[in-house]
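A.B. asks: pasting the sequence and the predicted coordinates here, then a few questions.
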Amino acid sequence: MFKNKIVPAITGLICGFVAATVAFGDIGPSQPKTAAGNTSAGSGNSNAEKVYVPLGQKDPYYLFASGGHSGQLFVYGVPSMREIRTVPIFSPDPATGYGFDAESKKMLGGLQMGDFHHPALSETNGDYNGKFLFATDVENSRAAVVDLKTFTTKDIIQVPNTSGPHCAAFVTQNTEYVFLPTRFSIPLGGQYASLDEYSQKYRGVMSALTLDQEKEKLNIAYQVALPPWSYDLSDAGKKSSGDWAVMTTYNTEEATSTLEINASQADRDYVVLFNWKELAQMVKDGKYETVNGQKMIFPEKEKGGIYLVPTAKSPHGVDVTPDGKYFIASGKLAPAMTVFSFEKAFEAIKNKQFAGERNGIPVLQYKKVMEKEVNPENALGPLHSTFDDKGNAYTSMFISSEIVKWNYKTGEVLDRIPVQYSPGHVASAEGDTVSPDGKYLISLNKLAKDNFLPVGPSHPETMQLIDISKDKMHLLDTVPSNPEPHYAQMIKADKIHPINVYQKDPNNKDAVYKQEDTKIVRSGDRVDVYGTAMRSRFTFDHKQKRPDEIDVNQGDHVYIHLTNIDFDEDITHGFAINGYDLNMEVQPGQTNTIDFVADKAGTFPLYCTNFCSALHQEMTGYFLVKPKN
């Protein structure tokens, strides 16, 4: 059924995109606007009213969106679509001092950028619990965890034997594991091997990570040496399928050049279906090899736990339905969404209904697992699906630039709405959980073209807010996003409980909570400054004639441990030394450390970089560096 539709879909890729641009190119500009710039929803019920959050009230949802090659996490309120926070993860951020203070500088390890694609919120029983957010870095093959009490990055680890964990950090339904399949296949360990030996020596590795929630540290539990393919967006099972997970593949042709042509030869790629509990048991039973210090399972040697399901070629996403009964894969080069049944897959595995093997992994018979194929008329480039609370799926159509609403149980197409332009992923309210809200959907669009004031050749990308609470979808707002939005998750605001101030930590040897305890300690060429910041004064040593002065010698290694003793919400202090190219933030009650070598002799003013009071300008001091001679 698929095969006959794939060829015309490929032929129509470019012309379909052009047609979509023509058809939907005047959606925003041609419709009536309200004073706020939103499309009118009718008399007395404008879009502006629907997205307006009055002063003193707050948005009911957080939207966490990955910032791609910025290496940062962008936090929005929904429905206002106001950006309320930028959380630096994989890239330095001078505004907050991230990458400059001692802890974050150590986490970054000297790396200056990251490519953050897919955030994943921690879960309990398949529901977001609002505790942590996980992130992956395609550029430098890293994983990170963000603590949502403080909205700060707590740990970053390098993931060996992998290259480019693009396809998402996705978590099991009780956050037992965080899985990181890899986009690029490489020789294990990354050693040199000719591309002529690609099929023999290259592997695509999936890593299973665990989080020590008390210490807020990530660990690699085990890895799986998969075939040398590319692995894309993934999802974990729910409820009856909770022990399982799925991920899509492309380039199962094992092409090594001009992938846009050579990786599209076969009619099918695969969904990888695996039982993570069974894989964990293999590790416990010693059924693994140690590769570069990591426990690694080789599926061709240790049978069971991993299976392949044929799907339409070049899929980007696979998504598990809220009831945990189905998984939906969408091949970008076929105009259809395919619904697969977990129950049928389990039955096929039990009865060994295989259609051969690929690289030692059993391939399940397509017709034994497939539930239905859904083909919306003239919809091209299905990419990613999310869900509401009424049994409906919402799938982005990259080429025809629209969102299609359909019932994943009946296959009936219910509605469709154009977007501007080329949507990648979509995020609905709690849509990746067992209990979606069915209120809002965000379309994360790859192209903007004529939406905003021109700013040169590079256009801001767009996110579009869509009301999905009624039978017909309704566009509410379009906001710029820079850089390109990749993936997002939307969580109820009342699930997240950020702190307002840091509590005193009696075990922190660097903390000083009273001005009379401030001091400067010298040991050889090391100088430790234990200081305080409060409105509107720095105190580094209360015994000095000038307590806001730091005197060191050229070449000293200086450690400044600064505690913000303003235990008052939103009174953040910063610390910078004029001419030394550094900055750090210190939140209320927090102790932060910055260390550097005083390699420049002279007189350098120091000052608070965060506005904190009427006398903020007066919150200064001096850093004096005596010349060596």
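C.D. replies: Ah, there it is. Numbers count the residues shown, from 1 in each chain.
A.B. asks: quick one, domains of the chain?
C.D. replies: Split into domains by automatic domain parsing, the chain comes to 3-495, 515-626.
A.B. asks: where among those is average confidence lowest?
C.D. replies: When these are compared by mean pLDDT, domain 3-495 comes last with a mean of 89.
A.B. asks: run the chain-centre distance for it.
C.D. replies: Chain-centre distance of domain 3-495: 9 Å, with CA atoms, centre = their mean, to the nearest Å.
A.B. asks: if we can go back for a sec, of the domains of the chain, which is nearest residue 504?
C.D. replies: Residue 504 lies closest, by CB to CB, to one member of the domains of the chain: domain 515-626, at 6.8 Å. Quick note: C-beta positions are derived from backbone N, CA and C, even for glycine.
A.B. asks: of the domains of the chain, which is nearest residue 506?
C.D. replies: Residue 506 lies closest, by CB to CB, to one member of these: domain 515-626, at 11.8 Å.
A.B. asks: now do the closest one: distance to the chain's middle.
C.D. replies: 34 Å.
A.B. asks: if we can go back for a sec, now distance to residue 506 and mean neighbour count too, for the domains of the chain, in CSV please.
C.D. replies: Listed next are the domains of the chain as CSV, based on distance: least, CB to CB, whole Å; neighbours: other CB atoms under 10 Å:
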stretch, distance to residue 506, mean neighbour count
domain 3-495, 18, 19
domain 515-626, 12, 18
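A.B. asks: to residue 503, which of these lies closest?
C.D. replies: domain 515-626 (6.3 Å).
A.B. asks: would you map the helices across the stretch 151-300 of the chain?
C.D. replies: 198-201, 259-262, 276-284 (DSSP state H, counting those that start in this stretch).
A.B. asks: so which of the ones you listed comes closest to residue 383?
C.D. replies: helix 259-262 (16.2 Å).
A.B. asks: what about the helices in this protein?
C.D. replies: For the chain, applying DSSP state H gives helices covering 3-11, 13-24, 27-30, 47-51, 102-108, 198-201, 259-262, 276-284, 342-350, 366-369.
A.B. asks: picking that back up, may I see the domains of the chain organised as TSV, with distance to residue 507 added?
C.D. replies: What follows is the domains of the chain, written out as TSV (distance: least, CB to CB, whole Å):
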stretch	distance to residue 507
domain 3-495	14
domain 515-626	11
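A.B. asks: nearest to residue 508, out of the ones you listed?
C.D. replies: Here domain 515-626 is closest among the domains of the chain (CB to CB), at 5.7 Å.
A.B. asks: and the closest one, how far apart are its ends?
C.D. replies: 26 Å (CA to CA, to the nearest Å).
A.B. asks: and if you look at stretch 358-367?
C.D. replies: End-to-end distance for stretch 358-367: 18 Å, by CA to CA.
A.B. asks: how about stretch 379-394?
C.D. replies: Start-to-end, stretch 379-394 (CA to CA) is 13 Å.
A.B. asks: from residue 163, how far out is residue 144?
C.D. replies: Relative to residue 163, residue 144 is positioned 17 Å away (CB to CB, to the nearest Å).
A.B. asks: ugh, wrong one, residue 70
C.D. replies: Using CB to CB, residue 70 is found at 21 Å from residue 163.
A.B. asks: could you do residue 48 as well?
C.D. replies: 46 Å.
A.B. asks: do the same with residue 471
C.D. replies: For residue 471 relative to residue 163 (CB to CB), the value is 45 Å.
A.B. asks: re the thing from before, the helices of the stretch 151-300 of the chain: which one's closest to residue 218?
C.D. replies: helix 276-284 (16.6 Å).
A.B. asks: packing partners for that closest one?
C.D. replies: In terms of contacts (3 or more CB pairs under 8 Å, 6 or more residues apart in numbering; DSSP states H and E), helix 276-284 is packed against strand 202-212, strand 217-226, strand 294-297.
A.B. asks: now do that helix: everything it contacts.
C.D. replies: For helix 276-284, contacts defined as CB atoms under 8 Å, 6 or more residues apart in numbering pick out 172, 176-177, 179, 208, 221-222, 224, 236, 243-245, 288, 295, 297, 302, 304-306.
A.B. asks: centroid residue for this structure?
C.D. replies: Nearest to the mean C-alpha position of the chain, counting by CA atoms, centre = their mean, stands residue 119 at 2.3 Å.
A.B. asks: surely it meets residue 62?
C.D. replies: No. The criterion here is CB atoms under 8 Å, and residue 119 misses it with residue 62 at 11.1 Å.
A.B. asks: contact partners for residue 329?
C.D. replies: Here residue 329 is in contact with 248, 271, 309, 311, 312, 315, 317, 318, 337, 338, 340 (CB under 8 Å, 6+ apart).
A.B. asks: one more time with 7 Å, if that's ok
C.D. replies: 248, 271, 311, 312, 315, 318, 338, 340 (CB atoms under 7 Å, 6 or more residues apart in numbering).
A.B. asks: in the sheet, who's paired with it?
C.D. replies: residue 318, residue 338 (DSSP bridges).
A.B. asks: tell me how far it lies from residue 185.
C.D. replies: As for residue 329, its distance to residue 185 is 20 Å (criterion: CB to CB).
A.B. asks: next one: residue 160
C.D. replies: From residue 160 to residue 185 the distance is 15 Å (CB to CB).
A.B. asks: same thing with residue 218?
C.D. replies: 23 Å.
A.B. asks: try residue 493
C.D. replies: Residue 493 is 40 Å from residue 185, by CB to CB.
A.B. asks: ditto for residue 91
C.D. replies: For residue 91 relative to residue 185 (CB to CB), the value is 26 Å.
A.B. asks: circling back to that earlier point, give me phi/psi at the residue nearest to the centre of the chain?
C.D. replies: Backbone geometry at residue 119, expressed as degrees, to the nearest 10, gives phi -80, psi 150.
A.B. asks: contacting residues for it?
C.D. replies: With CB under 7 Å, 6+ apart, residue 119 has these contacts: 64, 66, 73, 133, 134, 135, 487, 489.
A.B. asks: 8 Å - rerun?
C.D. replies: Listed by CB under 8 Å, 6+ apart, the contact set of residue 119 reads 64, 65, 66, 73, 133, 134, 135, 169, 487, 488, 489.
A.B. asks: could I get these in TSV, plus columns for distance to residue 609?
C.D. replies: Below are these laid out as TSV (distance: CB to CB, whole Å):
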residue	distance to residue 609
64	27
65	27
66	27
73	22
133	27
134	30
135	26
169	32
487	32
488	30
489	32
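A.B. asks: now, which of these lie within strands?
C.D. replies: Taking DSSP state E, the ones among the contacts of residue 119 that sit in strands are 64, 65, 66, 73, 133, 134, 135, 488, 489.
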